[in-house]
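Undergrad: dropping the sequence and predicted coords here.
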Amino acid sequence: MRLFLIGWFGAGNMGDEAILVSMIVSIRQTLPGVQFDVLSFGDAVNSSLPLAQSAGVNIVRMGSRSRVWCSDFQGFWRALRLADLVVIGGGGLFQDLYNPYPVPFFTATVLLAKLLGKRVMFYALGIGPLHRRWARWLTGLAAKVADLITTRDAESAALLEKLGLQQQMYVTADPVLLLPPVSSELAAQILAKEGGQDRSPRIGVSVHSLLTWGMEQKRALAGALDCMVNAMNVQIVFIPFGCYHDQWIHPGVSRTIDRMASEDIAALMTRESIVLAGHYTPQEMLAIIGQMDLVLSMRFHGLVMAVNMGVPPIALTHRCEIKLRNFMKRLEQEDNVLEVNTVSQDDLFLSLIHI
């Protein structure tokens, strides 16, 4: 059997790479002889898949935005023709909050697969937010022609129903919840190499600047982390999830997007912290998070990995985002969701110290 996995893979987002590894691991447990074609928007797939998992995986390159004409169109067409099933997902592919590119691309891919007579599955997708009318129409169109739909939360399924979908859907969970980590010994070695001290507790912090948040709130976060160091002698470990360069907003900047955001917050702190600088596989990152005693994350999969490893999570989210709220609601942890747009140092400190 041959599957064509289509998602936001290879671009350097740790969450998407973790989804891919989780999909391959879990599908092979059910279909041991399955072969995969994987659509990749960059080189990160090669470093995310260990050698044992890369066997039987063919990478199909797709250029993003200005590099779209560098795509392997012949390989893409071949993968579609050979596929027994086209799998769209997982992750938040049908949304127009961060950029308008994904919705038309993934809708076009679904329609092309159906024109070739292929069966299409939506795999643990997050749907929304969808602010633009055309984005809602395209998402509804793609969903209506899909043969099987699973969403990672009930809110995504409800949104598809609002878009006119009448077929049966299945609410499942994000596949990264099933990802196995590397050993804790290896994670401890990684942290030691990064400059981490062998002491407890540790707070893992994952921040991003995909959406704007003010300097006042950034200072509030830095101040709350300083207070935690002063009050409990904790170690602050910044954990970048967006390991890619933003050449649109920050052209020519060598630092990856989340490392830049992390270092900006660390520079506002008066106490010492560390920012992870290495490039790690999803399973290594999962084990690193397992070394934390608390995770404060603006990244969705920072929360998911924390839950996977049994580490208490706190979500720091923008008012216009929904995926972090939906996840924490499912955990019945709505009280541990803070808005980055309005949060104060006292709010953050109280949440950190009381969890």
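TA: Noted; the coordinates are in hand. Numbers count the residues shown, from 1 in each chain.
Undergrad: can you report how many residues lie near R132?
TA: The number of residues packed near R132 is 12, by other CB atoms under 10 Å. C-beta: built from backbone N, CA, C; applies to glycine.
Undergrad: how far away is it from D96?
TA: Distance from R132 to D96, counting by CB to CB, to the nearest Å: 5 Å.
Undergrad: next: F349.
TA: 35 Å.
Undergrad: now do N230
TA: For N230, the distance to D96 - CB to CB - is 42 Å.
Undergrad: so which of these two has more stuff around it?
TA: Ranked by neighbour count (other CB under 10 Å), N230 and D96 place D96 first, with 20 against 11.
Undergrad: where exactly do the strands run in the stretch 251-355 of the chain?
TA: Along the stretch 251-355 of the chain, counting by DSSP state E, counting those that start in this stretch, strands occupy 274-275, 294-297, 313-317, 337-339.
Undergrad: do you know which of those strands lies nearest A11?
TA: Nearest to A11, of all these, is strand 294-297, at 19.3 Å by CB to CB.
Undergrad: contacts for that closest one?
TA: Taking contacts as CB atoms under 8 Å, 6 or more residues apart in numbering, the residues outside strand 294-297 that touch it are 201-206, 239, 289, 302-303, 305-306, 311-316, 324, 352, 355.
Undergrad: tell me the strands beside that strand, with direction?
TA: Here strand 294-297 is paired, per DSSP bridges, with strand 202-206 (parallel), strand 313-317 (parallel).
Undergrad: any regions of the stretch 251-355 of the chain where pLDDT drops low?
TA: Low-confidence segments of the stretch 251-355 of the chain (pLDDT under 70): 251-254.
Undergrad: with mean neighbour count and distance to V337 added, can I get the strands paired with strand 294-297 in a markdown table?
TA: Output for the strands paired with strand 294-297, formatted as a markdown table (neighbours: other CB atoms under 10 Å; distance: least, CB to CB, whole Å):
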| stretch | mean neighbour count | distance to V337 |
| --- | --- | --- |
| strand 202-206 | 24 | 15 |
| strand 313-317 | 25 | 5 |
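Undergrad: possible to save those as a markdown table with distance to L148?
TA: A markdown table is the format used below for those (distance: least, CB to CB, whole Å):
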| stretch | distance to L148 |
| --- | --- |
| strand 202-206 | 32 |
| strand 313-317 | 30 |
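Undergrad: of the ones you listed, which is nearest R119?
TA: Nearest to R119 among these is strand 313-317 (35.3 Å), distances taken as CB to CB.
Undergrad: what number of residues lie near G15?
TA: By other CB under 10 Å, neighbour count at G15 equals 24.
Undergrad: I'd say it and G92 touch.
TA: No: under the criterion of CB atoms under 8 Å, G15 is not in contact with G92, lying 9.1 Å apart.
Undergrad: overlap of the contact sets of these two?
TA: With CB under 8 Å, 6+ apart, G15 and G92 have common neighbours F300.
Undergrad: helix, strand or coil: sort out G90 for me.
TA: strand (DSSP: H, G, I helix; E, B strand; the rest coil).
Undergrad: helix or strand for the closest residue to it other than its chain neighbours, which one?
TA: Of all residues not flanking G90 in the chain, A124 sits nearest, at 3.8 Å (CB to CB, 6 or more residues apart in numbering). A124 belongs to strand 120-127 when assigned by DSSP states H and E.
Undergrad: strand partners of that strand, parallel vs antiparallel please.
TA: By DSSP bridges, strand 120-127 pairs with strand 85-94 (parallel), strand 148-151 (parallel).
Undergrad: angle of whichever helix or strand comes after it against strand 120-127?
TA: Next helix or strand after strand 120-127 toward the C-terminus (DSSP H and E): helix 133-145. Counting by axes from the mean of the first three to the mean of the last three CA atoms, to 10 degrees, helix 133-145 lies at 140 degrees to strand 120-127.
Undergrad: having no further points to raise, I will conclude here.
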